[in-house]
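Asks: Sequence isn't available, so here's the structure alone:
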């Protein structure tokens, strides 16, 4: 579950907002927008725990305010490290939809847990991520394509055939 709106360009104390904030639960999965390579960035007091996704298309994505809490009490006792802020190693190659991090409120984002998501096509200036977010696939859960899983659903079979199963899920 996540909520977002187009707040790109909104006034902030340090200038215009160069991304969209995606509000979600503490430690909610944060996933790769496209195939690419992860680069940790952990030295910003404003951004807190963050990373870059260097997309295969040449687009750079910024994931800012990742988790730094060890408990739901916003203790700020965690570090910007694998297992607390990040779900993959620095330098890892990732696929679109794969979990790469955990939602949080690090840096100057104390308040509602959210991810500041920024998009820089061709490594250039920021553009509004709103159209990217609206066009994104909605996954039931984050996973690496080709990985095995078990899934339990309750509902009614609507149609089946040709390698497809359509369900109306309760």
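Replies: It's in. Keep in mind that this is a model prediction, so the values were computed, not measured.
Asks: Next, please give the residue ranges for the helices of the protein.
Replies: Taking DSSP state H as the criterion, the chain carries its helices at 130-135.
Asks: Go ahead and flag the most central residue of it.
Replies: For the chain, the residue nearest the mean C-alpha position is residue 30 (3.0 Å; Cα atoms, centre = their mean).
Asks: ok, that residue - contacts?
Replies: With contacts taken as Cβ atoms under 8 Å, 6 or more residues apart in numbering, residue 30 has the following neighbours: 63, 66, 87, 99-103, 115. All C-beta atoms are positioned from the backbone trio N, CA, C, and that covers glycine.
Asks: quick one: contacts for the residue nearest to it when sequence neighbours are not counted?
Replies: Among residues not flanking residue 30 along the chain, residue 101 sits closest, at 4.0 Å (Cβ to Cβ, 6 or more residues apart in numbering). Residues near residue 101 by Cβ under 8 Å, 6+ apart: 30, 49, 51, 63, 66-67, 85-88.
Asks: for residue 101, which residues make a bridge with it?
Replies: Beta-bridge partners recorded for residue 101 (DSSP bridges): residue 30, residue 86.
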